[in-house]
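K.L.:
Give me the fold of what follows.
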Amino acid sequence: MTRRPPVRRRRTRRPSRRRQQQQTMSGGLLLAAGAVIWLVVTVVHWLLVHWWVLLAAAVLAVLGGIGWWQQRARRVQWERAQVRALRYGLAQLDVLAHRQFEYAIRDLMRRDGCTDAVQVGGQGDLGADVKATDPLGRRWVIQCKHRRAGERGSAVGTPDLQVLNGTGRPVHKADVVVMVTNGRITRPGRDFARQQRLHLVDRAVLGAWAAGARPLWELLPALPPPRRHSAQS
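P.N.:
Predicted coordinates for the structure are as follows:
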């Protein structure tokens, strides 16, 4: 009697765990999307019924925007008034650190109408501590030499002016190249500056400029012509 070989049962493939996770995630996303759609429809319907809420919110937003703009305008006007009223006495400038002195010169240029005046002094400044453009379009490059002892400190001499002269126009493309100090400038330095068309602001000129209301270009002689006309010209 022959025996029949055992019949192999086919194994049913069960869905993999990864597929189950994907199906679960898809179902969750569908439920979330449905909930979001339901919520949006509900909110829109509520707003259509209560339209006055939208109107009130719009009015409040407009009033808030107007209030913010007025506050900003008042702040800008106050800052401009503070700048226009800026004054320094020589005693105030003498006690500043060198970097603070540079910022004071920048602020005085801004007071005079150079809205783009910036302090750039530091390592690798190539002779420029302050840069600015005056209302007549002229580009200013200023080097600052602060002396704690004021006029009793060491005088600014020809070597300092040679550095400024070598970079002011060729490197920084300045129309007006200025040396500012709260101290003294030597006679040879003054002669060199005159030959090279450099402008000097010594202690006397600095005192008149910082404590007064006239812009620096009204205190310096032989400036280059304006690049553009202004309302003041």
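K.L.:
can you give me the strands in the chain?
P.N.:
118-119, 130-133, 139-145, 176-181, 199-201 (DSSP state E).
K.L.:
now the ones you listed in a markdown table, with distance to Gly189, mean pLDDT and mean neighbour count?
P.N.:
(Glycine included, C-beta is placed from N, CA and C.) Formatted as a markdown table, the strands of the chain follow (distance: least, CB to CB, whole Å; pLDDT from 0 to 100; neighbours: other CB atoms under 10 Å):
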| stretch | distance to Gly189 | mean pLDDT | mean neighbour count |
| --- | --- | --- | --- |
| strand 118-119 | 24 | 96 | 18 |
| strand 130-133 | 20 | 97 | 22 |
| strand 139-145 | 11 | 97 | 24 |
| strand 176-181 | 8 | 98 | 24 |
| strand 199-201 | 8 | 98 | 20 |
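K.L.:
Figure out which of the ones you listed is closest to Gln22.
P.N.:
strand 118-119 (58.6 Å; CB to CB).
K.L.:
Can you give the strand pairings for that closest one, parallel or anti for each?
P.N.:
Strand pairing for strand 118-119, using DSSP bridges, gives strand 130-133 (antiparallel).
K.L.:
Now distance to Leu30 too, for the strands of the chain, in JSON lines please.
P.N.:
Listed next are the strands of the chain as JSON lines, based on distance: least, CB to CB, whole Å:
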{"stretch": "strand 118-119", "distance to Leu30": "58"}
{"stretch": "strand 130-133", "distance to Leu30": "62"}
{"stretch": "strand 139-145", "distance to Leu30": "65"}
{"stretch": "strand 176-181", "distance to Leu30": "72"}
{"stretch": "strand 199-201", "distance to Leu30": "76"}
